[in-house]
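> Here is a sequence together with a model predicted from it:
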Amino acid sequence: MLATSASGAAPDALRLGVLGNVARFKSQTGQDSQVHQAIVGWNQGLTWGAPLPDLLAQHVPIPLIGITTDTNPPRREAITPAAIATGRGDAYLVAWNKAVADWGQAPSSTHVFSRSLCRRSRGTPTSP
(Lines give C-alpha, C1' and ligand atoms only; values in the text may rest on other atoms or scores of the structure.)
Protein backbone atom coordinates (compact mmCIF):
# COMPACT_ATOMS: atom_id res chain seq x y z
CA MET A 1 0.00 0.00 0.00
CA LEU A 2 1.26 3.47 -0.84
CA ALA A 3 -0.28 6.62 0.54
CA THR A 4 0.67 9.66 -1.51
CA SER A 5 0.04 13.36 -1.23
CA ALA A 6 -3.46 14.76 -1.28
CA SER A 7 -3.11 15.26 -5.04
CA GLY A 8 -2.78 11.49 -5.46
CA ALA A 9 0.42 11.91 -7.44
CA ALA A 10 2.69 8.88 -7.73
CA PRO A 11 6.23 9.05 -6.36
CA ASP A 12 8.51 10.80 -8.83
CA ALA A 13 11.69 8.84 -8.11
CA LEU A 14 13.02 5.54 -6.88
CA ARG A 15 13.79 5.83 -3.17
CA LEU A 16 16.23 3.79 -1.12
CA GLY A 17 14.90 2.73 2.27
CA VAL A 18 17.00 2.01 5.33
CA LEU A 19 16.11 -0.28 8.24
CA GLY A 20 18.29 0.50 11.23
CA ASN A 21 20.61 3.36 12.05
CA VAL A 22 20.04 5.88 9.27
CA ALA A 23 22.80 8.26 10.42
CA ARG A 24 25.36 5.43 10.51
CA PHE A 25 24.31 4.27 7.05
CA LYS A 26 24.73 7.81 5.71
CA SER A 27 28.16 8.21 7.34
CA GLN A 28 29.36 4.94 5.78
CA THR A 29 27.86 5.33 2.30
CA GLY A 30 27.10 9.01 1.78
CA GLN A 31 23.56 8.01 0.79
CA ASP A 32 20.92 10.39 2.14
CA SER A 33 18.00 7.97 2.38
CA GLN A 34 14.58 9.56 2.61
CA VAL A 35 12.74 6.30 3.42
CA HIS A 36 13.20 5.10 7.00
CA GLN A 37 11.84 1.64 7.72
CA ALA A 38 10.43 0.26 10.96
CA ILE A 39 8.98 -3.18 11.70
CA VAL A 40 6.14 -3.06 14.22
CA GLY A 41 4.28 -5.86 15.97
CA TRP A 42 0.54 -6.33 15.88
CA ASN A 43 -1.28 -3.62 17.87
CA GLN A 44 2.01 -1.76 18.47
CA GLY A 45 1.19 1.91 18.73
CA LEU A 46 -2.41 1.15 19.63
CA THR A 47 -2.28 -1.00 22.78
CA TRP A 48 1.47 -1.06 23.52
CA GLY A 49 4.60 0.90 22.66
CA ALA A 50 4.81 4.45 21.34
CA PRO A 51 1.54 5.83 19.90
CA LEU A 52 1.04 5.47 16.13
CA PRO A 53 1.63 9.18 15.35
CA ASP A 54 4.94 8.98 17.23
CA LEU A 55 5.99 5.90 15.24
CA LEU A 56 5.40 7.83 12.03
CA ALA A 57 7.21 10.93 13.29
CA GLN A 58 10.24 8.87 14.34
CA HIS A 59 10.77 7.73 10.74
CA VAL A 60 10.53 10.96 8.75
CA PRO A 61 10.71 12.16 6.08
CA ILE A 62 9.13 9.06 4.49
CA PRO A 63 8.18 6.23 6.87
CA LEU A 64 8.12 2.64 5.59
CA ILE A 65 6.18 0.68 8.20
CA GLY A 66 6.25 -3.11 8.19
CA ILE A 67 3.41 -4.68 10.18
CA THR A 68 3.88 -8.20 11.55
CA THR A 69 1.40 -10.49 13.25
CA ASP A 70 3.77 -10.73 16.24
CA THR A 71 2.93 -9.30 19.62
CA ASN A 72 5.16 -7.64 22.17
CA PRO A 73 7.88 -10.04 23.40
CA PRO A 74 7.95 -13.04 23.67
CA ARG A 75 7.24 -12.63 19.93
CA ARG A 76 4.30 -14.93 19.56
CA GLU A 77 1.64 -14.64 16.89
CA ALA A 78 -1.01 -12.19 18.08
CA ILE A 79 -3.34 -12.69 15.13
CA THR A 80 -3.41 -14.99 12.12
CA PRO A 81 -3.71 -13.84 8.52
CA ALA A 82 -7.03 -15.71 8.42
CA ALA A 83 -8.30 -13.67 11.37
CA ILE A 84 -7.23 -10.47 9.64
CA ALA A 85 -9.04 -11.60 6.47
CA THR A 86 -12.26 -12.08 8.42
CA GLY A 87 -12.05 -8.63 9.99
CA ARG A 88 -10.82 -9.47 13.48
CA GLY A 89 -7.87 -7.10 13.05
CA ASP A 90 -9.84 -4.21 11.62
CA ALA A 91 -9.53 -1.98 14.69
CA TYR A 92 -5.74 -1.92 14.31
CA LEU A 93 -5.83 -1.38 10.55
CA VAL A 94 -8.37 1.43 10.94
CA ALA A 95 -6.19 3.03 13.64
CA TRP A 96 -3.21 2.96 11.24
CA ASN A 97 -5.36 4.44 8.49
CA LYS A 98 -6.41 7.29 10.78
CA ALA A 99 -2.84 7.89 11.99
CA VAL A 100 -1.53 8.09 8.42
CA ALA A 101 -4.39 10.36 7.33
CA ASP A 102 -3.89 12.70 10.30
CA TRP A 103 -0.11 12.70 9.97
CA GLY A 104 -0.30 13.32 6.21
CA GLN A 105 -1.82 16.72 6.77
CA ALA A 106 1.54 18.16 7.85
CA PRO A 107 3.06 20.31 5.05
CA SER A 108 6.32 18.32 4.82
CA SER A 109 4.74 14.85 4.72
CA THR A 110 3.83 13.52 1.31
CA HIS A 111 4.26 9.73 1.46
CA VAL A 112 3.91 6.77 3.81
CA PHE A 113 4.77 3.25 2.67
CA SER A 114 3.42 0.09 4.32
CA ARG A 115 4.58 -3.55 4.19
CA SER A 116 1.81 -5.59 5.70
CA LEU A 117 2.42 -9.03 7.16
CA CYS A 118 6.19 -8.91 6.93
CA ARG A 119 7.76 -11.51 9.19
CA ARG A 120 10.74 -11.95 11.43
CA SER A 121 13.26 -14.73 11.14
CA ARG A 122 15.23 -15.39 14.33
CA GLY A 123 14.44 -11.86 15.50
CA THR A 124 15.51 -10.25 12.21
CA PRO A 125 12.87 -8.54 10.07
CA THR A 126 12.42 -10.12 6.63
CA SER A 127 9.97 -10.00 3.77
CA PRO A 128 7.31 -12.67 3.33
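On my side now, so go ahead. Numbers count the residues shown, from 1 in each chain.
> State the phi and psi torsions of the residue positioned nearest the centre of the chain.
Centroid check for the chain by CA atoms, centre = their mean gives residue 65 as the closest residue, at 1.1 Å. For residue 65, the backbone dihedrals are phi -100, psi 120 (criterion: degrees, to the nearest 10).
> Stretch 46-64 spans what distance, first to last residue?
Across its full length, stretch 46-64 reaches 18 Å between end residues, using CA to CA, to the nearest Å.
> Let me know the average pLDDT across it.
Across stretch 46-64, pLDDT averages out at 90.
> in the sheet, who's paired with residue 67?
residue 40, residue 116 (DSSP bridges).
> Was I right to think it contacts residue 38?
No. Applying CB atoms under 8 Å as the test, residue 67 and residue 38 come out as separate, 9.8 Å apart. Every residue, glycine included, has its C-beta placed from N, CA and C.
> Which one's more surrounded, these two?
More crowded of residue 67 and residue 38, by other CB atoms under 10 Å: residue 67, with 23 against 18.
> what does the model give that one for pLDDT?
88.
> Likewise for the one 4 residues further on?
The score at residue 71 is 85. That number is its pLDDT.
> Just give me the neighbour total for the nearest residue to it once chain neighbours are set aside.
Leaving aside its sequence neighbours, residue 71 sits nearest to residue 78 (CB to CB, 6 or more residues apart in numbering; 3.6 Å). Neighbours of residue 78 under the rule other CB under 10 Å: 18.
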